[in-house]
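A.B. asks: with the input below, show me the fold.
(one chain, ligands or ions: 1)
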Amino acid sequence: MLQMYKKNKKLLNAALGPLKAKGIRNLINGESLAAKSQKTFKNSSPIDNNLIAEVAASDLADIDTAAKASMAAFKAWSNLPHKERRDILYAIAAEIEANAELIAVLESYDTGQPIRFTKKAAIRGAANFRYFADKVIDARNGLSTPDTNHLNFTVKQAIGPVGIITPWNAPFMLSTWKIAPALASGCTVVHKPAELSPVTATLLCQLAHKAGLPKGVWNVVHGFGHTVGKALTEHPDIKAIAFIGATTTGSMIMQQGAPTLKRVHLELGGQNPSIVFADADLDRALDSTIFMKYSLNGERCTSNSRLLIEKSVYQPFVKKLIARVKNLKVGDPLDPTTEIGPMIGKTHQEKVLSYSEIGIKEDGATLLVGSGKPKGLKGCYVNPTLFGDANKDMRISQEEVFGPFLTIIPFETEAEAVEIANAVNYGLTAYIWTKDSAKGHRMALNVESGMVWINSQNVRHLPTPFGGVKNSGIGRDGGEYSFEFYMETKNICVALGDHPIPKLGA
Ligand code: NAD
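C.D. replies: Numbers count the residues shown, from 1 in each chain. The predicted structure follows:
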């Protein structure tokens with residue numbers, strides 16, 4: 001393990017020099033460019049608060065150039081023989097895999113996510129490209145719906161240049177998750193990565209060009225949400241916006257995109273329950289609940305932030321949970337033994353810390369583990385935190401903390417579990433633990449969420465629909481669902497003979 005830690009550090013240090021020297025620039029029409037205004041902003045690591053690089057602080061002018069480049073490239077890309085498009089996506093997957101270690105260390109240093117997860121993110125990013133490459137051949141297929149005198153059939157066609165706006169929590173994986181299906185559909189892309197995690201976005205786009213992607217098909221423009229993000233959502237050449245981020249931002253994006261009638265797909269926040277019944281395999285439920293809250297620093301939209309536990313097993317379950325949360329290893333994310341790294345930045349660190357105050361003073365819940373900052377660590381770290389004796393109405397049960405922070409709420413009956421689970425504005429995921437299969441199925445139908453796992457942590461199968469209900473989003477991603485978003489369905493109706501035509505003015 002120590003050897004791997006040293007290797008990760010060495011790889012990171014070798015990469016940081018050139019990054020600092022060149023800065024993180026836009027990539028528009030295949031060219032590495034500074035912002036037209038020449039403005040930059042600083043990006044630092046949450047591990048040690050050290051500067052990583054100056055980043056292009058772009059604005060409307062840069063978005064305009066990128067949108068025009070993506071429009072100019074659209075016809076050729078969408079008309080490219082599909083086998084050629086497929087092979088380029090395969091080549092991008094291969095480039096990602098060849099650079100997986102570099103991507104993982106940079107992502108960890110930029111975001112604070114432990115290397116044990118970022119390593120998988122790079123591999124998963126490649127898998128996303130490969131999965132959608134496989135689907136390119138059939139992407140345009142439609143339906144045949146014959147009528148008596150007419151044959152109707154549909155074809156799918158790429159919608160046009162699209163804007164993709166991503167958050168900071170899993171920036172590399174989430175970018176591939178959006179960009180791979182867009183390219184497979186024949187769309188061209190302007191990507192606006194989160195300002196707090198810009199490092200791997202330009203690298204990913206560079207790798208795509210190395211893999212043979214034509215110029216202008218994929219452009220990256222760095223900068224802030226209220227300038228670059230807003231300009232992208234308002235640009236008339238951009239036909240759709242695929243967005244992952246906070247609920248309030250999603251709402252703004254709908255408003256900004258309204259004058260140009262943008263199609264929007266929103267993947268937003270969550271306050272998801274893990275519902276554990278007394279008849280469950282409690283050891284597996286414990287492993288999963290801990291994993292689904294404390295992995296990825298708890299900065300995970302699909303995490304179970306509320307544990308709903310049946311009262312009869314509350315005491316023994318929570319006792320084991322306390323011991324495990326106390327034992328979580330907080331530290332340098334580049335160390336392969338680390339389980340929890342720092343929060344993305346100081347502002348977010350303060351936000352997560354403030355919820356311990358809220359839990360104790362405002363809500364009156366019981367602090368069982370954590371709160372505060374770990375001693376001896378310089379970056380944006382927080383202690384993994386656990387609150388017990390909560391109820392559904394408390395702020396720590398209602399709001400998205402987005403950190404290593406779990407709230408426990410007891411329940412007595414199935415009906416009460418459903419009521420508590422649904423008593424939030426969000427509806428992204430739910431995890432149900434019971435050995436009673438009929439109860440598991442009833443619960444799955446009754447909880448208000450876009451995705452439910454029964455007796456499982458979040459295991460993602462790429463063809464399945466991903467998305468939320470209520471304030472957790474609009475639309476679905478994954479498999480065919482992604483093509484529904486990035487493509488238009490056109491109906492073509494052909495007369496089969498001389499059917500009657502009404503004769504006006506005859
Ligand atoms: P955020 O909404 O603050 O930022 C996301 C992106 O939107 C950034 O690139 C930002 O620059 C941009 N942005 C901000 N204002 C904008 C505007 N007015 N117009 C256009 N773009 C704008 O979110 P965040 O803090 O980066 O990410 C955390 C949030 O993302 C959490 O709520 C989390 O639950 C959510 N998330 C959801 C999913 C999902 O699949 N449902 C996945 C990951 C993260």
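A.B. asks: stretch 486-504: end-to-end distance?
C.D. replies: 41 Å (Cα to Cα, to the nearest Å).
A.B. asks: contact partners of that stretch?
C.D. replies: For stretch 486-504, the external contacting residues (Cβ atoms under 8 Å, 6 or more residues apart in numbering) are 139-140, 142, 149-159, 162, 181-182, 185-187, 240, 242. No exception for glycine: its C-beta is placed from N, CA and C like everyone else's.
A.B. asks: keep only those of the residues you listed that are in strands.
C.D. replies: Judged by DSSP state E, the subset of those located in strands is 150-158, 162, 240, 242.
A.B. asks: need the contact list for the most centrally placed residue in the chain.
C.D. replies: With distances taken as Cα atoms, centre = their mean, L174 lies nearest the centre of the chain, 4.3 Å away. Taking Cβ under 8 Å, 6+ apart, we find L174 in contact with 166-167, 244.
A.B. asks: tell me, which of those make contact with the ligand?
C.D. replies: 166-167, 244 (Cβ under 6 Å from any ligand atom).
A.B. asks: which stretches of the protein have low pLDDT?
C.D. replies: Of all residues in the chain, none has pLDDT under 70.
A.B. asks: care to break it down by domain?
C.D. replies: Annotated domains of the chain cover 2-268+472-490, 273-454 [automatic domain parsing].
A.B. asks: measure the last one end to end?
C.D. replies: In this case it means domain 273-454. Across its full length, domain 273-454 reaches 12 Å between end residues, using Cα to Cα.
A.B. asks: wait, does it contact the ligand?
C.D. replies: Yes - contact of domain 273-454 with the ligand (Cβ under 6 Å from any ligand atom) involves 301, 400, 402, 428.
A.B. asks: tell me the one of the residues you listed nearest the ligand?
C.D. replies: C301 (3.2 Å; Cβ to the nearest ligand atom).
A.B. asks: pretty sure the closest one is in a helix, no?
C.D. replies: No - according to DSSP: H, G, I helix; E, B strand; the rest coil, C301 belongs to no helix; its state is coil.
A.B. asks: tell me the secondary structure at the residue lying closest to it once chain neighbours are set aside.
C.D. replies: Closest residue to C301 apart from its sequence neighbours, by Cβ to Cβ, 6 or more residues apart in numbering: G270 at 5.0 Å. Judged by three-state DSSP, the three-state class of G270 is coil.
A.B. asks: same check, this time on S449
C.D. replies: coil.
A.B. asks: return the residues in contact with it.
C.D. replies: Contacts of S449 by Cβ under 8 Å, 6+ apart are 272, 427-430, 468-469, 472.
A.B. asks: all helices for the stretch 251-400 of the chain, in order.
C.D. replies: Ranges of helices in the stretch 251-400 of the chain, per DSSP state H, counting those that start in this stretch, are 282-294, 314-326, 346-357, 395-398.
A.B. asks: sorry, back to before: of all the domains of the chain, which lies closest to L462?
C.D. replies: Checking the domains of the chain against L462 by Cβ to Cβ gives domain 2-268+472-490 as the closest, at 4.7 Å.
A.B. asks: gap between the two ends of the closest one?
C.D. replies: Using Cα to Cα, the end-to-end distance of domain 2-268+472-490 comes to 57 Å.
A.B. asks: hang on, the earlier thing: can you point out the helix or strand that includes the residue nearest to the centre of the chain?
C.D. replies: Using DSSP states H and E, L174 sits in helix 171-185.
A.B. asks: just want the angle from that helix to strand 150-158.
C.D. replies: 140 degrees (axes from the mean of the first three to the mean of the last three Cα atoms, to 10 degrees).
A.B. asks: parallel or antiparallel, list what pairs with the helix or strand following helix 171-185.
C.D. replies: Reading on from helix 171-185 to the C-terminus, the next helix or strand found by DSSP H and E is strand 189-192. The pairing partners recorded for strand 189-192 under DSSP bridges are strand 162-165 (parallel), strand 218-220 (parallel).
A.B. asks: ok, the first one near the ligand or not?
C.D. replies: Yes - legend: contact between strand 162-165 and the ligand by Cβ under 6 Å from any ligand atom is shown at I165.
A.B. asks: what residues of that strand count as buried?
C.D. replies: For strand 162-165, a neighbour-count test (16 or more other Cβ atoms under 10 Å) marks 162-165 as buried.
A.B. asks: go on, stretch 69-84?
C.D. replies: Judged by neighbour count using 16+ other Cβ under 10 Å, the buried positions of stretch 69-84 are 69-71, 73-74, 77-78, 80, 82.
A.B. asks: how far is that stretch from where the chain is centred?
C.D. replies: Relative to the centre of its chain, stretch 69-84 is centred 26 Å away, using Cα atoms, centre = their mean, to the nearest Å.
A.B. asks: would you mind writing the CA trace of that stretch as CSV?
C.D. replies: What follows is stretch 69-84, C-alpha atoms only, in CSV (Å, rounded to 0.1, in the frame of the first residue of the first chain):
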residue,chain,number,x,y,z
ALA,A,69,-17.6,25.4,-33.9
SER,A,70,-20.0,22.8,-32.7
MET,A,71,-22.7,23.9,-35.2
ALA,A,72,-20.1,23.9,-38.0
ALA,A,73,-19.0,20.4,-37.1
PHE,A,74,-22.5,19.0,-36.6
LYS,A,75,-23.5,18.0,-40.2
ALA,A,76,-20.3,16.0,-40.9
TRP,A,77,-20.3,14.3,-37.5
SER,A,78,-24.0,13.3,-37.5
ASN,A,79,-23.7,12.0,-41.1
LEU,A,80,-20.5,10.1,-40.5
PRO,A,81,-21.0,6.4,-41.4
HIS,A,82,-22.0,5.0,-38.1
LYS,A,83,-19.2,2.4,-38.0
GLU,A,84,-16.7,5.2,-38.2
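A.B. asks: next up, the contacts around G257.
C.D. replies: 233-234, 241, 264.
A.B. asks: which non-adjacent residue is nearest it?
C.D. replies: Nearest non-adjacent residue to G257, counting by Cβ to Cβ, 6+ apart: T233, 4.8 Å away.
A.B. asks: mind checking how far that neighbour is from the ligand?
C.D. replies: 5 Å (Cβ to the nearest ligand atom, to the nearest Å).
A.B. asks: that residue: which element?
C.D. replies: Assessed by DSSP H and E, T233 sits inside helix 230-234.
A.B. asks: what is that helix packed up against?
C.D. replies: Judged by 3 or more Cβ pairs under 8 Å, 6 or more residues apart in numbering; DSSP states H and E, helix 230-234 is in contact with helix 60-79, strand 162-165, helix 247-257.
A.B. asks: 6 Å instead, please
C.D. replies: Applying 3 or more Cβ pairs under 6 Å, 6 or more residues apart in numbering; DSSP states H and E, one finds that helix 230-234 makes contact with helix 60-79, helix 247-257.
A.B. asks: show me how far the longest one is from its chain's centre.
C.D. replies: In other words, helix 60-79. From the chain centre to the centre of helix 60-79 is a distance of 24 Å (Cα atoms, centre = their mean).
A.B. asks: thinking again about what came up before, now the contacts of S449 as JSON lines including secondary structure and neighbour count?
C.D. replies: Conversion of the contacts of S449 to JSON lines gives the following (DSSP: H, G, I helix; E, B strand; the rest coil; neighbours: other Cβ atoms under 10 Å):
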{"residue": "N272", "secondary structure": "strand", "neighbour count": "30"}
{"residue": "G427", "secondary structure": "coil", "neighbour count": "24"}
{"residue": "L428", "secondary structure": "coil", "neighbour count": "25"}
{"residue": "T429", "secondary structure": "strand", "neighbour count": "25"}
{"residue": "A430", "secondary structure": "strand", "neighbour count": "27"}
{"residue": "G468", "secondary structure": "coil", "neighbour count": "27"}
{"residue": "V469", "secondary structure": "coil", "neighbour count": "15"}
{"residue": "S472", "secondary structure": "helix", "neighbour count": "29"}
